[in-house]
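1. model this:
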Amino acid sequence: MDKLNITVEHISHSGFTVETKNFYLVFDYHKGDISLKDKKTIVFASHSHMDHFNPAIFKWRDANKNINYVLSSDIDIEDEEIYSMRPYEELALDDVKIKTFGSTDMGVSFLVNVDNINIFHAGDLNWWYWEDDTEEEKLSMEKSFKEEISKIKDFHIDLAFFPVDPRLETAFNLGGEYFIEEVNPNCFIPMHFGDKFSITTDFIHKMKGNMCTIIELNRKNQIISL
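-> As a prediction, this is how the structure comes out:
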C-alpha cells in the first residue's frame, strides 16, 4: 500500500480521528478520550444512534472556532452552523469534498476527499445478517446491502472504516468481506465491535490472502500511521 501520510486514532467503537496535512477529521464520536488539534476540523456523525452521535461534540467549538459539523439529516438539530446531509448528496467545505451514500440501517455513509485522499466511513452500512430474521428479511437485507455497494464500487477508496460486528456471530465477516471484494480499498479498518477487539484479528484471518491492508485494533486510542 502506498503511504498516505495520515495519522488515524481509534477512539472507541466506530469513532475515529484522521489527521491529514491540512485537516483533522472526527467520525462518529460517542465517547472516549479525544485530543483535538489546532487545525481545520470537520466532525462527522453518520446517524442519530447513541453509539455514533453524542451532542457533546458541539462543546468543541469553545476550543476551536475553525470547526465544521456534517451530520446525517436524521439528527434533528436546528443550528445554522451545522451541515445536514441526506443520502446521495454532495458538499464542499474548503478543499474537502464530501459525498454521502445510503445505509442499511439509519442515516448515511460518508466518502470524503481530503488532501487528495479518499476516506470512506460506513456508519451503519453493513450486511446485517441476524440468525433470528426470517429468510425473507435476510434476502431483503442482502439485496439492499449489495445495491448500496454497487453505487460505491466505482470510487477509488484509500481508507475504509467498516463494521465487523461480533453480534452477528458466524456472519460477522459477511459485509466487510463483500465490501473488500467489490470495492477493493487500499486499507480497511474494522469498527463497530465495542470492546471486542479480538474480532479484528478474526477478520484478518478470514481475509488471509487478500491484497487489502487490514488493520488490527487491540485498544482504545490506538494510533495508526498510514
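2. Could you export stretch 14-22 as PDB, CA atoms only?
-> Taking only C-alpha atoms (Å, rounded to 0.1, in the frame of the first residue of the first chain), the coordinates of stretch 14-22 have been written out as PDB:
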ATOM      1  CA  SER A  14     -17.000   3.400  15.400                       C
ATOM      2  CA  GLY A  15     -15.300   6.600  16.400                       C
ATOM      3  CA  PHE A  16     -12.000   7.600  14.700                       C
ATOM      4  CA  THR A  17     -10.000  10.700  14.000                       C
ATOM      5  CA  VAL A  18      -7.900  11.200  10.900                       C
ATOM      6  CA  GLU A  19      -5.200  13.800  10.700                       C
ATOM      7  CA  THR A  20      -4.000  14.800   7.200                       C
ATOM      8  CA  LYS A  21      -1.600  17.500   6.200                       C
ATOM      9  CA  ASN A  22      -4.200  20.300   6.400                       C
END
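3. List the buried residues for that stretch?
-> The neighbour-count criterion (16 or more other CB atoms under 10 Å) identifies 14-20 as the buried residues of stretch 14-22. To be clear about C-beta, it is placed using only N, CA and C from the backbone, and glycine gets the same treatment.
4. can you give me the strands in this protein?
-> Secondary structure of the chain, counting by DSSP state E: strands at 7-12, 15-19, 23-27, 40-45, 67-72, 82-85, 90-93, 96-101, 109-114, 117-121, 159-163, 187-191, 213-214, 222-225.
5. Mind listing the strands the shortest one pairs with, and their directions?
-> Strands adjacent to strand 213-214 in the sheet, as given by DSSP bridges, are strand 187-191 (parallel).
6. just how off-centre is the strand it pairs with within its chain?
-> Shown here is strand 187-191, whose average C-alpha point lies 9 Å from the average C-alpha point of the whole chain (CA atoms, centre = their mean, to the nearest Å).
7. now the angle from it to strand 7-12?
-> 20 degrees (axes from the mean of the first three to the mean of the last three CA atoms, to 10 degrees).
8. what sits up against strand 187-191?
-> Strand 187-191 has contacts (CB atoms under 8 Å, 6 or more residues apart in numbering) with 1, 4, 8, 10, 13-14, 16, 122, 158-164, 176, 179-180, 199-200, 203, 212-215, 217, 224, 226.
9. If we use 7 Å, what do you get?
-> By CB atoms under 7 Å, 6 or more residues apart in numbering, the surrounding residues in contact with strand 187-191 are 1, 8, 13-14, 158-164, 176, 180, 199-200, 203, 212-215, 217, 226.
10. what do you get for stretch 139-156?
-> Everything outside stretch 139-156 that qualifies as a contact, by CB under 7 Å, 6+ apart, is 101-102, 104, 111, 118, 125, 127-129, 175, 178-179, 182-183.
11. Stretch 208-218 spans what distance, first to last residue?
-> With CA to CA, to the nearest Å as the measure, stretch 208-218 spans 19 Å from end to end.
12. which residues sit in contact with the closest residue in space to Glu89 that isn't next to it in sequence?
-> Of all residues beyond its chain neighbours, the one nearest Glu89 is Thr100 (5.2 Å), with distances taken as CB to CB, 6 or more residues apart in numbering. With contacts taken as CB under 7 Å, 6+ apart, Thr100 has the following neighbours: 85-89, 108-110.
13. What separation do you get for Thr100 and Ile57?
-> Thr100 is 18 Å from Ile57, where distance means CB to CB, to the nearest Å.
14. likewise Lys40?
-> Following CB to CB, the distance that separates Lys40 from Ile57 is 16 Å.
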